[in-house]
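**Q** 3D, please:
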Amino acid sequence: MSSFHLNGHAAVFLLTGSALAGSDAWVIESGDVSVQSQTTVATAGTLVGDWDAELNPGGTQTIPGLFGGSGNNPIALSLDQVNAGGGSFAVTGDFGLNVDTELQLISVESMAIEMAAGSSIPFDSSVVMLYETFRSVSPDSLYIGGFEVPVPLASGQLDAWSFSQVGIANGALVETGVVDEWAFALPATLAIAASGVVGESPVALPPVLLPVLLTGTYIDSDDGGSIVIQFDDSVDETEVFDPPTSLPDVPLPLPTILPPGSAANVVLSMMSDSIAFQLGASVQISAAPDVLDVPGDATGDGMVGVDDLLALISQWGPCSGCSADFNGDDMVGVDDLLTILESWGL
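**A** Numbers count the residues shown, from 1 in each chain. The predicted structure follows:
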């Protein structure tokens, strides 16, 4: 399978420089992705009966047109293999984030967005045939051409899909007018990969770099803040093979049309001349700081200090489900105080 790299676009959107010092780990708490994808391998060639005067005198002959003609003649044919699918799925993932509201700067790096376990989207494989009208002899049949004939091949699903950030996205924060809320727009590049099974065969979409604009809002708060990021973009690229790629001849028992019930034995001779890839993606994620579970951290800010001691004092005594009940005995007491003292300063 050929790869698409969109080098022209990537050169524009890959940012130089480095992220703000000390990026923090953030984790995706919720997210939704909608995608539509199609890969089309275009081929052109001929089909011709397997008749041979000496080796196969009883074989099929093919004759162009409705009337007249004789012998065994090649029939012009195009045959495009189409793999297509799409849908919505939940995602998981994480990224590095650094925000400086005083300097009004933000950077995002190492973003990894993956299809959540147990999710999938349908993906189907088919061929689209287009040929001129012809007749077959032995068996006798008429094939009306001039219009595309879709032929389903197999159905399946994509059960792995990922967006991985290439480089670092740096940009500015802009006040929205809401207290402690900031907006941003960051040019970035994401590498997309997807795979699954169609019929009994594994499939993978051609790898592609997608230039996107990460937009969203950041909310600053005492508990570490929150962020919403979204992007919506598409790719429509075609790679032409020059020269076209020859494919092996394929014997094909072609079902008769008029009348039905038999099979004309023909040979397909094809050349693959291009591959086209279309992708549309719409993504929105919500994330929060990936706070470590620190023993003695009653406030959930990832540190143990005075605020945790004050929380313990305010909850002292019988207390079910309290944040300062570290040993889970529905009582905030000496044991919980010792936990704070042992972890002080972490």
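**Q** which residues does the residue nearest to M270 when sequence neighbours are not counted contact?
**A** Nearest residue to M270, sequence neighbours excluded (C-beta to C-beta, 6 or more residues apart in numbering): G45, at 3.8 Å. In this view, the C-beta of every residue, glycine as well, is placed from N, C-alpha and C. G45 makes contact with 77-79, 247, 268-271 under the criterion C-beta atoms under 8 Å, 6 or more residues apart in numbering.
**Q** ok, now with 7 Å
**A** By C-beta atoms under 7 Å, 6 or more residues apart in numbering, G45 lies in contact with 77, 268-271.
**Q** Need the pLDDT of it.
**A** Here the pLDDT value assigned to G45 is 94.
**Q** buried sites along the helix or strand containing it?
**A** Element membership for G45 (DSSP states H and E) is strand 24-49. Using 16 or more other C-beta atoms under 10 Å as the test for burial, strand 24-49 gives 26, 28, 31, 33, 35, 37-49.
**Q** Tell me the bridge partners for the residue nearest the centre of the chain.
**A** Note on the chain: the residue nearest the mean C-alpha position is W161, at 4.4 Å, using C-alpha atoms, centre = their mean. Beta-bridge pairing for W161 (DSSP bridges): A194.
**Q** ditto for L190
**A** According to DSSP bridges, beta-bridge pairing links L190 with Q165, L210.
**Q** tell me the secondary structure for the residue lying farthest from the centre of the chain?
**A** Here the chain reaches farthest from its C-alpha mean at E54, the gap being 53.7 Å by C-alpha atoms, centre = their mean. When classified by DSSP: H, G, I helix; E, B strand; the rest coil, E54 comes out as coil.
**Q** wait, what's in contact with it?
**A** Residues counted as contacts of E54 (C-beta under 7 Å, 6+ apart): none.
**Q** P259: what's its closest spatial neighbour, skipping adjacent residues?
**A** Nearest residue to P259, sequence neighbours excluded (C-beta to C-beta, 6+ apart): S141, at 6.8 Å.
**Q** Repeat that for Q81.
**A** Per C-beta to C-beta, 6+ apart, closest to Q81 is V41, 4.6 Å.
**Q** what sits against that neighbour?
**A** 80-81, 272, 275.
**Q** For these, give me JSON lines that also has secondary structure, distance to V127 and pLDDT.
**A** Listed next are the contacts of V41 as JSON lines, based on DSSP: H, G, I helix; E, B strand; the rest coil; distance: C-beta to C-beta, whole Å; pLDDT from 0 to 100:
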{"residue": "D80", "secondary structure": "strand", "distance to V127": "7", "pLDDT": "93"}
{"residue": "Q81", "secondary structure": "strand", "distance to V127": "5", "pLDDT": "91"}
{"residue": "S272", "secondary structure": "strand", "distance to V127": "13", "pLDDT": "94"}
{"residue": "I275", "secondary structure": "strand", "distance to V127": "14", "pLDDT": "93"}
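**Q** so E114 bridges to which residues?
**A** Beta-bridge pairing for E114 (DSSP bridges): T92, S162.
**Q** Thought A90 was touching it, still the case?
**A** No: applying C-beta atoms under 7 Å, one finds E114 not in contact with A90, separated by 10.2 Å.
**Q** Give me the domain ranges for this protein.
**A** By the record's domain assignment, the chain is partitioned as 7-289, 291-346 (automatic domain parsing).
**Q** Least confident of those, on average?
**A** Per-stretch mean pLDDT for the domains of the chain is lowest at domain 291-346 (a mean of 87).
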